[in-house]
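Chemist: Below is the sequence, then the predicted model.
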Amino acid sequence: MDEQRIQASLKKLLAVFIVICLLLGGLGQYLFRSVSDLYLVSVQGRMEERALQYKKSFQFKMNSDLLMLRVMAHMVEDTIAESGSTEAAGSRLLYLWDASKTAKFGRLCYFTPNGEGMQLSSQRDVVELQTINEPIEMQTVIQQALKGKSVSSNAFYDSYLGYNVVSYATPIYYNSDIKGVLVCSINADSYEDILTSVSSVSNIGAVAVIDSDGKVLASTRTHQSQGFYNLNGSKYLTNGLYSKFMQALSANETRFFEFSFEDLPLYAFIMPMGISEYKIMIVDTDKGVSDSVSDVVNYAHLIAVLFAATSILFVMAVLYMNRRYNKQLLQVAYHDRLTGAYNRYKFFQLLDQRRKKNIEYTVAAINIRKFKYINELFSSVRSDRLLKDICAALNRCIKSEEFFCRDTADTFLICLNTSDRDMANERLNAILEQLKKSSKSIHHTYPIIFYGGCATLDDCVDKNSNEELMSHVMLALSYAKQSQQATVTFYDTKAHDRETLNNYIENRMEWALEHGEFQMFLQPKMDLRKNTIIGAEALVRWIIEGTNNISPDYFIPLFEQNGFCTKLDLYMVEQACKQIRKWIDAGISPIPISVNQTKLLLYEDDYVERICSITKKYDVPNKYITLEILEGLALENLEKVSVCIEKLHDQGFSISMDDFGTGYASLTTLSQLQIDELKLDRSFLMQADQNTERNRRKILEVVVEVAKRLNITTVAEGIETESHSQLMRDMHCDYGQGYFYSRPIPANEFTKKFLQHNVQ
Ligand code: C2E
Ligand code: MG
Ligand code: MG
């Protein structure tokens, strides 16, 4: 996983969290609004309830005042009826004096339809009145009463009494005619008792009975509240709020609204009284309206605030965790668990960045020789410490802009600041020297040996990726591992090509064997004196898609390394037997075929049995098969080889020692091994050919002579010219093999060319 992908997935996660939090926030707000709406409805309900109580109490008081006036009017009517004259009405007032005081009437007046009237003064004197001299409010109710209505006025200032009053008027009948009007005025303050008796308001709240012009009939007289009902000229009300109040008062319906006063939320409820144009107006805080509702709402708000705070904390926690998780993830994703150094992913990322910036660099891989062994020898705990020490040393060694990582086990990758081979070599050697010093911790005497492989982008075909470069680095590291001398090796293209070819060969060899790509070519072995054919050597050819393009000199050593050579050699023995069988069946006198045998075969316990089973399969006498073994092999395990040769001899096979003179086999070896034939390597002949090499020629003569004495026939390899042939003849060498006679050729061709005359 790279950093961008981690970041992207974390961002996604974060986005999901934020969406969840937004949803929670939205839900919180929705809940808050719902609670607020509910709360408003509740406050309105409470206010309405209270207003209805006020209204009822007011109506009751006004109705009872009016009723009292009506009762008095009936008494006046009775007096008129008894006396038969309206003149008696005035005298009746005197009798009503006490009753009017009990009813707390400030004035009690009688007016006739023609505008004349009377009242009793406080000293019970009769005072003459004129309707026209009375305040307009009183005139209005008098007029309405004269029309037969019992009515009350709005509040007004009565100069006679010297305070605000409300006047009531009711008609006085005689014989169904209105003969006058009885009017009383009641102190407006008496209505305030109703307001305070019904329920209380908070010290900031106010209740007022007020008419549509804003004139107050009665109000509670709390501290600041006067400002609200005293609308005209109130210093508390802004213009906007004033018009809101006035609109509510002029509308003949219930109004409820919320406003704020000195940052305090207040609620106003205005309801028509149903008496004159009076409205009951309540202004109060929620607490003033209802403690319980306010508490519930406060709790709801508290919960909403807690909810929001929790959401915020949750988001912050998620952000914090996200950052920490991000860090941890990056630590895990980009660092090696054991050493804490960068890992390969991070290393590659940094390489990518470098490449994009076109900064030249060399990548080196460092390894510890025999680390597995060290692990076993010093326990994994100490080996781990060694790896950590290496990291610490690398941290100290690397220059700015250089970086390294622990790749796997004991492999470390370093990016060096140069692409120059010599400089990189020098630099890496210096680093290895430091590592060597710091690795003494594992054991002060045990030498820890480091080796390294380097490569640059210069040798890469694909200069835009790390893959090819890293395969070059690892290949160079493998050269360094194989090499016993060099501690630092650079990648080279030839070695890479070799590696590629080796891979190709190893991948194809089994398939090639099954599908007949390995073919047997034959090269004649000639009697040097008689110039006649005495045998042939089977040489393998790998024919891939019709062409013979990989030399056995290349693939045979590889097959010896991977063990495939044993299969191939037995296959060649089988091909040789098949050919001999063909010759016999075709009536051709067969000649012996020499087959090259890898040393690996000679170490196999059932080798002799296996080879016998092949000759038996084709019913070929064993004397027709000569087995060529390499000179070097004899020296490796003389005893074992000697036993094997003996067994092969017992079965009738001939043994030839191939390439004599290339290794270190001595003439003594010849005496120790029961070989039948000695093949002198062609390098011998080539050197002997030159005049300057007379001594070698003498050696060759001695070898041939010793072989003869030991009854070993000699074969000169690499006869390319007549003079080669003559030279070997002169040396008394028995046989010759080489291009002079023929190159190795396919078996059919060979038969035609050399064995036609052998037909019996
Ligand atoms: P070798 O067994 O010494 O085979 C002789 C090699 O010398 C052959 O090369 C042959 O083609 C070459 N040769 C023969 N005459 C001349 C000459 O006049 N001049 C020169 N320059 N070369 C000459 P080839 O076929 O390339 O084989 C090379 C080696 O590969 C063989 O050396 C042998 O060691 C090995 N080899 C070939 N076939 C097999 C096989 O089937 N099994 C095993 N184990 N090794 C084989
Ligand atoms: Mg050979
Ligand atoms: Mg040879």
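Modeler: That came through, no problem. Ligands and ions are numbered 1, 2, ... in the order given.

Chemist: Need the mean per-residue confidence for the helix or strand that residue 60 is a member of.
Modeler: Residue 60 belongs to helix 3-83 when elements are defined using DSSP states H and E. For helix 3-83, mean pLDDT rounds to 79.

Chemist: again, but for stretch 717-726
Modeler: pLDDT averaged over stretch 717-726 gives 94.

Chemist: For that stretch, what is the distance to the chain centroid?
Modeler: In terms of C-alpha atoms, centre = their mean, to the nearest Å, the centre of stretch 717-726 is found 76 Å from the chain centre.

Chemist: can that stretch be found next to ligand 1?
Modeler: Yes. Shown here: stretch 717-726 in contact with ligand 1 (C-beta under 6 Å from any ligand atom) through 717, 718, 719, 720. To be clear about C-beta, it is placed using only N, CA and C from the backbone, and glycine gets the same treatment.

Chemist: Identify the farthest-apart pair in those residues.
Modeler: Greatest spacing in those, by C-beta to C-beta: 717 and 720 (10.2 Å).

Chemist: Between the two, which contacts overlap?
Modeler: Residues touching both residue 717 and residue 720 comprise residue 738, with contact defined as C-beta atoms under 8 Å, 6 or more residues apart in numbering.

Chemist: Looking only at neighbour counts, state which of these two leads.
Modeler: Neighbours were counted for residue 717 and for residue 720 using other C-beta atoms under 10 Å; residue 717 has more, 22 against 15.

Chemist: Which strand residues bridge the more buried one?
Modeler: Beta-bridge partners for residue 717, by DSSP bridges, are residue 737.

Chemist: ok, it to residue 681 distance?
Modeler: 6 Å (C-beta to C-beta, to the nearest Å).

Chemist: which neighbours do the two share?
Modeler: Joint contacts of residue 717 and residue 681 (C-beta under 8 Å, 6+ apart) are residue 659.

Chemist: how about the residues of the chain near ligand 2?
Modeler: Taking C-beta under 5 Å from the ion as the measure of proximity, the chain contacts ligand 2 at 596, 628, 658.

Chemist: now, which of those lie within strands?
Modeler: Counting by DSSP state E, the part of those found in strands is 596, 628, 658.

Chemist: Contacts only, for residue 740.
Modeler: 719, 720, 721, 722, 724, 725.

Chemist: Which of those residues has the largest number of neighbours?
Modeler: Busiest of the contacts of residue 740 [other C-beta under 10 Å] is residue 719, holding 25 neighbours.

Chemist: I figured residue 62 hits residue 274, correct?
Modeler: No. Look at residue 62 against residue 274 with C-beta atoms under 8 Å: they stay out of range, at 10.0 Å.

Chemist: Compare the two (neighbour count), which wins?
Modeler: residue 62 (20 against 11).

Chemist: From residue 654, how far out is that one?
Modeler: For residue 62 relative to residue 654 (C-beta to C-beta), the value is 151 Å.

Chemist: Please apply the same query to residue 108.
Modeler: 167 Å.

Chemist: ditto for residue 679
Modeler: 12 Å.

Chemist: Those two: which is more packed in?
Modeler: residue 679 (27 against 20).

Chemist: Quick one, grab the pLDDT at residue 522.
Modeler: Confidence score, pLDDT, at residue 522: 98.

Chemist: Tell me how many other residues surround it.
Modeler: 28.

Chemist: buried sites along the strand or helix carrying it?
Modeler: If you go by DSSP H and E, residue 522 is part of strand 518-527. Across strand 518-527, burial judged by 16 or more other C-beta atoms under 10 Å covers 518, 520, 521, 522, 523, 524, 525, 526.

Chemist: Same check on stretch 96-107?
Modeler: 96, 100, 103, 105, 106, 107.

Chemist: who are the neighbours in contact with the fifth one?
Modeler: Right, residue 106. By C-beta under 8 Å, 6+ apart, the contact list for residue 106 reads 158, 161, 163, 165, 184, 185, 186, 187.

Chemist: who are the neighbours in contact with the last one?
Modeler: Each residue near residue 187 by C-beta under 8 Å, 6+ apart is listed here: 104, 106, 161, 163, 164, 165.

Chemist: let's go with 10 Å and repeat that
Modeler: 104, 105, 106, 158, 161, 163, 164, 165, 166 (C-beta atoms under 10 Å, 6 or more residues apart in numbering).

Chemist: so which of those would you say is closest to residue 242?
Modeler: residue 164 (22.4 Å).

Chemist: Quick check: the closest one is in a strand.
Modeler: Yes. Counting by DSSP: H, G, I helix; E, B strand; the rest coil, residue 164 is part of a strand.

Chemist: where does the closest residue to it other than its chain neighbours land on pLDDT?
Modeler: Distance criterion C-beta to C-beta, 6 or more residues apart in numbering; nearest residue to residue 164, sequence neighbours excluded, is residue 188 at 4.0 Å. pLDDT, residue 188: 80.

Chemist: From ligand 3, how far off is residue 188?
Modeler: 144 Å (C-beta to the ion, to the nearest Å).

Chemist: how about the residues of this structure that lie near ligand 3?
Modeler: Counting by C-beta under 5 Å from the ion, the chain sits next to ligand 3 at 658, 659, 717.

Chemist: hmm, 8 Å instead?
Modeler: Proximity of the chain to ligand 3 (C-beta under 8 Å from the ion) is limited to residues 596, 628, 658, 659, 679, 681, 682, 717.

Chemist: So which of the residues you listed wins on neighbours?
Modeler: The residues of the chain next to ligand 3, ranked by neighbours (other C-beta under 10 Å): first place residue 679, 27 neighbours.

Chemist: domains in the chain, as residue ranges please.
Modeler: Domain assignment for the chain by automatic domain parsing gives 40-184, 200-289, 344-491, 502-758.

Chemist: for the shortest one, the distance to its chain's centre please.
Modeler: Read it as domain 200-289. On C-alpha atoms, centre = their mean, the centre of domain 200-289 falls 62 Å from the chain's centre.

Chemist: Start from the N-terminal end of the stretch 451-600 of the chain and give the strands.
Modeler: 488-490, 518-527, 533-544, 547-550, 593-596 (DSSP state E, counting those that start in this stretch).

Chemist: And those, which one averages the lowest pLDDT?
Modeler: Among the strands of the stretch 451-600 of the chain, strand 547-550 carries the lowest mean pLDDT, a mean of 80.

Chemist: Please name the strands paired to it in the sheet, noting orientation.
Modeler: strand 533-544 (antiparallel).

Chemist: Buried residues in the partner strand, which are they?
Modeler: Going by neighbour count (16+ other C-beta under 10 Å), the buried part of strand 533-544 is 533, 534, 535, 536, 537, 538, 539, 540, 541, 542, 543.

Chemist: same check, this time on stretch 570-587
Modeler: Neighbour counts over stretch 570-587 (16+ other C-beta under 10 Å) mark 570-581, 583-584 as buried.
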